[in-house]
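A.B. asks: 3D model of this:
(one chain, ligands or ions: 1)
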Amino acid sequence: MAKIGVIAGSGFYEMEGIAVRELKKLSTPYGEPSDIYRIGELAGVEVAFLSRHGTPHQIPPHRINYRANIWGFRELGVERILSVNAVGGIRKGLSPGELLLPDQVIDMTHGRASTFYEGNEVVHIDFTMPFCDELRRALITAGRKSGLRVKKTGTYLCVNGPRLESKAEIRYFSQIGGDIVGMTVMPEACLARELELCFAGIGLVTNPAAGISAKRLTTTEVLETMKNSLERIRDLMAETVQILPEKRSCDCQGALGEARM
Ligand code: HPA
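C.D. replies: Numbers count the residues shown, from 1 in each chain. Take a look at the predicted model:
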């Protein structure tokens, strides 16, 4: 059973260094996940990969079945999820190619199914720290060990998309503490917490956010930076999975303990 899951933009599983051994198509009580899960080995550690936007179809961020994706990981026995997200850089000094490990989130998405508890059971999970501290610390150590430049903290402001932002929106997001802006980390992070799974994000800055640079934003720029950064992200994750202790010692595994009303 794969205990580590990776969810990322398309193209990721094709990366060199990841040996895919098995394909698993799952269907969940919440519907179909974005794609088949690819079970393979990363640096000798079993990992389950999921392409967030599917293949060959591109599912836009606001239409992703986040619940099915996260539920599927749990069905595979995954306990920890690494999420790779393309983001725009808001904070000064975040240039394309930069890797940032967010420690906070501001959620501005709407209309996305963002809880598994919609029935009679009322659950309020604690989300003070949206990302697993143990997993984040492993990523930070892995970055240092492999000589990669990684920003250790930052606030991920999640928008609904699929459009990009206006200049005034980015100015506002900056004022309220957003360091990076993207469309996918929410509700992934809170759904993982509801299933008591560990979750950490790797933000890849693919472009300066709207109005930060004088240039217009293009998806070509985003995809190009993504492509050029895959190897570094793979190296970061390969080192991380080797560092992680087998047993979890974070609070994520007991997230539901005092969350039920
Ligand atoms: N805004 C929102 N989402 C993004 C961006 C951006 O500038 N870049 C990559 N994903």
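A.B. asks: only C-alpha atoms from now on, for both contacts and neighbour counts.
C.D. replies: OK.
A.B. asks: tell me the residues of the protein that contact the ligand?
C.D. replies: Applying CA under 6 Å from any ligand atom, we find that the chain lies next to the ligand at Ala86, Val87, Gly88, Leu164, Val181, Gly182, Met183, Thr206, Asn207, Ala209.
A.B. asks: turn those into TSV, columns for pLDDT and neighbour count.
C.D. replies: TSV is the format used below for the residues of the chain next to the ligand (pLDDT from 0 to 100; neighbours: other CA atoms under 10 Å):
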residue	pLDDT	neighbour count
Ala86	94	25
Val87	96	29
Gly88	96	30
Leu164	95	18
Val181	98	31
Gly182	97	24
Met183	96	25
Thr206	94	28
Asn207	94	25
Ala209	96	28
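A.B. asks: in the stretch 1-150 of the chain, which spans are strands?
C.D. replies: Secondary structure of the stretch 1-150 of the chain, counting by DSSP state E, counting those that start in this stretch: strands at 4-8, 18-24, 37-42, 45-51, 80-89, 99-100, 104-107, 150-151.
A.B. asks: can you list the buried residues in the longest one?
C.D. replies: This points to strand 80-89. For strand 80-89, a neighbour-count test (16 or more other CA atoms under 10 Å) marks Arg80, Ile81, Leu82, Ser83, Val84, Asn85, Ala86, Val87, Gly88, Gly89 as buried.
A.B. asks: return that strand as CSV; C-alpha atoms alone will do.
C.D. replies: Taking Å, rounded to 0.1, in the frame of the first residue of the first chain, the C-alpha atoms of strand 80-89 are listed here in CSV:
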residue,chain,number,x,y,z
ARG,A,80,0.4,11.8,3.7
ILE,A,81,-0.2,13.9,0.6
LEU,A,82,2.3,16.2,-1.2
SER,A,83,0.5,18.7,-3.3
VAL,A,84,2.3,20.6,-6.1
ASN,A,85,0.6,23.8,-7.1
ALA,A,86,1.5,26.4,-9.8
VAL,A,87,1.1,29.9,-8.2
GLY,A,88,1.6,33.5,-9.0
GLY,A,89,4.1,35.4,-6.9
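A.B. asks: who touches that strand?
C.D. replies: 3-9, 95-96, 135, 179-185, 197-210, 222, 226 (CA atoms under 8 Å, 6 or more residues apart in numbering).
A.B. asks: quick check, the residue in the stretch 151-261 of the chain closest to the ligand?
C.D. replies: Using CA to the nearest ligand atom, Gly182 is the residue of the stretch 151-261 of the chain that sits closest to the ligand, at 3.5 Å.
A.B. asks: pairing partners for that residue in the sheet, please.
C.D. replies: Here Gly182 shows beta-bridge partners Cys158, assigned using DSSP bridges.
A.B. asks: isn't it up against Arg163?
C.D. replies: No - using CA atoms under 8 Å, Gly182 is not in contact with Arg163, being 10.9 Å away.
A.B. asks: please identify every residue contacting each of these two.
C.D. replies: Counting by CA under 8 Å, 6+ apart, no residue touches both Gly182 and Arg163.
A.B. asks: all helices for the stretch 101-250 of the chain, in order.
C.D. replies: With DSSP state H, counting those that start in this stretch as the criterion, the stretch 101-250 of the chain has helices at 133-145, 167-175, 185-194, 219-243.
A.B. asks: on contacts alone, who are the packing partners of the third one?
C.D. replies: On a contact count with 3 or more CA pairs under 8 Å, 6 or more residues apart in numbering; DSSP states H and E, helix 185-194 meets helix 66-75, strand 155-158, strand 198-208.
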